[in-house]
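K.L.:
3D model of this:
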Amino acid sequence: MLQVRADLSHPWRVSLAEAAAIQMRLAAEVELRQLPAGGTGAPVLAAGVDVGYAKDGSGAWAAAAVMDSEFRVVASAVVKGEPNAPYVRGYLAFREGRLTIDALKALSVEPDVVFFDGHGVVHERGLGLASHVGVLLGVPAIGVPKTPFHAIDHMPGLRRGDYYVLTKEWGAQGASVRLKTGVKPVYISPGNLVDLDSSIALALAWSSGRRRVPEPLGAAHTMSVRARNTAAGIW
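P.N.:
Predicted coordinates:
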């Protein structure tokens, strides 16, 4: 099962200055390489992980779902806890990274790739949530957030599979990708052990075209919302 690399482990409740230093240290560990979306060497199991929060922000539910290539859930886990910090742009991992890792570690099977609702290398210090967790767990990771890290001035075409590559001023690349025809794109960036072309291809391969996001990530989101609402007595 997935485990945090002991040599990279760090505390989560730290100052912003300490958090930035940790991000820069871990960014040097990111490796981007090809991971085929189909055929030999392609992922057989893909996971999505998402975190839902109580209205007052005091509680959080991290959900992870693993799917096979037929989009059937073969393993899942939900972990309840508290966020380690309030939300600060650029430091999402220090709010929900620990819970995200706990949910992935609780899975009964190990996924071959993980999709995150957070950025990868398209981050001012090169280490968004997907890269951060991907490096700590040593797992192929892809960021698929619904909002760009910075303002953009160009959108992809309206059809599923249309995309537009975005290059930041410091050289990091991501892409605005349409996974469902006619709906808003997502902003894919490689997290770890996956390059940009592979990230785009894998996001498309693991999406059905019925959701805005890859199916494992959509399933994890549904699970986290259900857990939050159940705890609040909504369902």
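K.L.:
mind checking the SS state of the nearest residue to Pro36 once chain neighbours are set aside?
P.N.:
Residue nearest to Pro36 in three dimensions, not counting chain neighbours: Ala42, with 4.6 Å by C-beta to C-beta, 6 or more residues apart in numbering. Quick note: C-beta positions are derived from backbone N, CA and C, even for glycine. Put simply, Ala42 is coil when judged by DSSP: H, G, I helix; E, B strand; the rest coil.
K.L.:
Mind naming the longest helix for the chain?
P.N.:
Using DSSP state H, we find that the single longest helix of the chain is helix 215-231.
K.L.:
Contacts for that one next, please.
P.N.:
The contact list for helix 215-231, computed with C-beta atoms under 8 Å, 6 or more residues apart in numbering, reads 46-54, 59, 61-67, 71, 73, 76, 78, 80, 111, 115-117, 144, 206-208, 211-213, 235.
K.L.:
average pLDDT for stretch 211-219?
P.N.:
Across stretch 211-219, pLDDT averages out at 97.
K.L.:
Export that stretch to PDB, keeping only CA atoms.
P.N.:
Extracted in PDB, the C-alpha atoms of stretch 211-219 (Å, rounded to 0.1, in the frame of the first residue of the first chain):
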ATOM      1  CA  ARG A 211     -18.500  14.700 -16.400                       C
ATOM      2  CA  ARG A 212     -16.300  17.700 -16.400                       C
ATOM      3  CA  VAL A 213     -13.600  15.800 -14.600                       C
ATOM      4  CA  PRO A 214     -12.100  12.300 -14.900                       C
ATOM      5  CA  GLU A 215     -14.400   9.600 -13.500                       C
ATOM      6  CA  PRO A 216     -12.300   8.600 -10.400                       C
ATOM      7  CA  LEU A 217     -12.100  12.300  -9.400                       C
ATOM      8  CA  GLY A 218     -15.900  12.700  -9.900                       C
ATOM      9  CA  ALA A 219     -16.600   9.600  -7.800                       C
END
